[in-house]
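Undergrad: Quick one: sequence and predicted model below, then my questions.
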Amino acid sequence: MTTHLTHVPAPAGVAPSPQYSHVVWGTGRFLAISGQCSLDASGAVVGAGDPAAQARQVFANLRLCLAAAGAGFGDVVKLTYFVTDVAHLPAVRAARDEAFGAAPLPASSAVQVSALVRPELLIEIEAFALVESGEPDEAAQTA
């Protein structure tokens, strides 16, 4: 667990949620990870029509993007979920919980959209993270 982040699950007067932290702050390098979809390294869709398979691929892609900056899921302060149907959120949460493991959950927002960049895509997730100061490993950036 990282020590450069502080998670506040429920500020005074705000209803707590087991699904996210209401407030996260910290110090370090700020990372913005573009919205990731369920595309493999060649650009092919993984899990067409299957929200659980797509969610797992999205979190796998997020893991690779975070690693390129020397970060991991424990460094994430905010996730934004874009789904074509809110009924996909349980699959997204299951994949998120698997990816995050014991790390504290970040702040998050979920938005239902009418479509994503390709019609077979069901889920897109963007992330913001803070990592402790220092340069990321160059090998991770080009892997």
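TA: Cool, the structure landed.
Undergrad: Contacts only, for Gly35.
TA: Contacts for Gly35 (C-beta atoms under 8 Å, 6 or more residues apart in numbering) come out as Thr80, Phe82, Glu124, Ile125, Glu126. For the C-beta atoms, the positions are set from N, CA and C on the backbone; glycine is no exception.
Undergrad: make it 10 Å
TA: 58, 61-62, 80-82, 116-117, 123-127 (C-beta atoms under 10 Å, 6 or more residues apart in numbering).
Undergrad: Now a PyMOL select for only the buried ones of those.
TA: To isolate the buried subset of the contacts of Gly35 in PyMOL, counting by 16 or more other C-beta atoms under 10 Å, use the following:
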select buried, resi 58+61+62+81+82+116+123+124+125+126+127
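Undergrad: show me where this structure has strands.
TA: Applying DSSP state E to the chain gives strands spanning 5-8, 23-26, 29-36, 76-83, 107-112, 123-131.
Undergrad: Please tabulate those in TSV, including the columns distance to Gly43 and mean pLDDT.
TA: As requested, those are exported to TSV (distance: least, C-beta to C-beta, whole Å; pLDDT from 0 to 100):
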stretch	distance to Gly43	mean pLDDT
strand 5-8	33	88
strand 23-26	32	90
strand 29-36	13	96
strand 76-83	19	98
strand 107-112	24	97
strand 123-131	15	97
